[in-house]
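Peer 1: Okay, here's the prediction I keep looking at, along with the sequence it came from:
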Amino acid sequence: MAQDINDLPPHSGRYLREDGTVYNLADDLSARPIARMTVAAAAPADPQQGDFFYDTTGPTLQIYTGGAWVNV
């Protein structure tokens with residue numbers, strides 16, 4: 001049964017997806033890691049999109065875009 005998002009209290013942590021279903025943000029995010037952070041002199045060999053890398057030789061902070069490391 002679909003819920004009306006307007007019936008929910010403000011700041012409830014719920015949101016409406018494109019399919020019209022109301023989801024709880026905390027439950028949705030707990031199902032997957034958001035990002036990893038590596039602090040080292042070399043970038044990790046197996047990055048995933050959204051991962052962060054703090055290059056201690058730079059020093060620079062970078063994010064992996066899915067194809068390359070980009071300075072933040």
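Peer 2: On my side now, so go ahead.
Peer 1: okay, now the domains of this protein?
Peer 2: 1-32, 37-71 (automatic domain parsing).
Peer 1: So for the last one, mean pLDDT?
Peer 2: It stands for domain 37-71. Average pLDDT, domain 37-71: 93.
Peer 1: got the buried residues for it?
Peer 2: Residues 47, 51-53, 55, 62-64, 69 are the ones in domain 37-71 that count as buried (16 or more other C-beta atoms under 10 Å). Any C-beta I mention is one placed from the backbone N, CA and C, and that applies to glycine too.
Peer 1: what about that domain, start to end distance?
Peer 2: Start-to-end span of domain 37-71 (C-alpha to C-alpha, to the nearest Å) is 14 Å.
Peer 1: Tell me the one of the buried residues of domain 37-71 nearest M37?
Peer 2: F52 (4.6 Å; C-beta to C-beta).
Peer 1: The closest one and Q62 touch, don't they?
Peer 2: Yes: if you go by C-beta atoms under 8 Å, F52 and Q62 touch, sitting 7.0 Å apart.
Peer 1: what touches both of these two?
Peer 2: Contact with both F52 and Q62 is made by residues V72, according to C-beta atoms under 8 Å, 6 or more residues apart in numbering.
Peer 1: gap between G50 and T57?
Peer 2: Distance of G50 to T57, computed by C-beta to C-beta, to the nearest Å: 23 Å.
Peer 1: Walking through this structure, point out its helices one by one.
Peer 2: Along the chain, the segments classed as helices by DSSP state H run 25-30.
Peer 1: and the buried residues of domain 37-71 as CSV, adding distance to G20?
Peer 2: Formatted as CSV, the buried residues of domain 37-71 follow (distance: C-beta to C-beta, whole Å):
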residue, distance to G20
P47, 35
D51, 32
F52, 34
F53, 38
D55, 44
Q62, 38
I63, 32
Y64, 33
W69, 38
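Peer 1: taking these one by one, which sit in strands?
Peer 2: Using DSSP state E, the subset of the buried residues of domain 37-71 located in strands is 52-53, 55, 62-64, 69.
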